[in-house]
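**Q** Below is the sequence, then the predicted model.
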Amino acid sequence: MPSENRLARHEFVRLNECRDERFVGLSPGIALRRSVDEMFTSARIQPRYGFVAEGVETVRGLATAGAGIAVLPARHGGPLPGSVEVPVAPLRHRHIGLLVSARRTLEPAAEGFRQWATLYGFTGQRPVIGTRNGAVRR
């Protein structure tokens, strides 16, 4: 959300605290949008979407620009300048599988992701994420 939003200084936000906010989100049919919709449904909230987009970074940019707030995974590298990431309570997680061919060499970016996913996926530790005050949390 934009750093000047009324909820930006909260340690965490429950969905019922933002029921009157305008949202920006992913287009219907995208898997992450379905997960977010399930969160809203379980909280008995009907979000008002001002804008929808196909990509996470586009949604993040719209939220930073003040078009609304977004429910997205934390951004690796911390929030965009002018925005804050406030965790939704209770925390939600999703499982992601990774399948890698034993017959092909991965491109450097894909190998980097495989190493990152292997390190954090098998240890059960959450990846390190920067927060709005520069502190580190898992």
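**A** Ah, there it is. Numbering: from 1, shown residues only.

**Q** can you tell me the distance between the two ends of stretch 67-78?
**A** Using C-alpha to C-alpha, to the nearest Å, the end-to-end distance of stretch 67-78 comes out at 20 Å.

**Q** what does that stretch rub up against?
**A** With C-beta atoms under 8 Å, 6 or more residues apart in numbering as the test, stretch 67-78 has contacts from 1-2, 5, 7, 18, 21-25, 32, 36, 39, 49-51, 56, 59-60, 62-63, 85, 87-88, 127, 129-132. Quick note: C-beta positions are derived from backbone N, CA and C, even for glycine.

**Q** same thing but at 7 Å, please
**A** With C-beta atoms under 7 Å, 6 or more residues apart in numbering as the test, stretch 67-78 has contacts from 1, 5, 18, 21-25, 36, 39, 50-51, 56, 59-60, 62-63, 85, 88, 129-130.

**Q** do the same with stretch 30-42
**A** Contacts for stretch 30-42 (C-beta under 7 Å, 6+ apart): 15, 25-27, 47, 71, 92, 94.

**Q** Can you turn the buried part of those into a PyMOL selection?
**A** In PyMOL syntax, the buried subset of those is picked out as below (16 or more other C-beta atoms under 10 Å):
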select buried, resi 15+25+26+47+71
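
**Q** and residue 50, how many residues sit next to it?
**A** Neighbour count for residue 50, taken as other C-beta atoms under 10 Å: 14.
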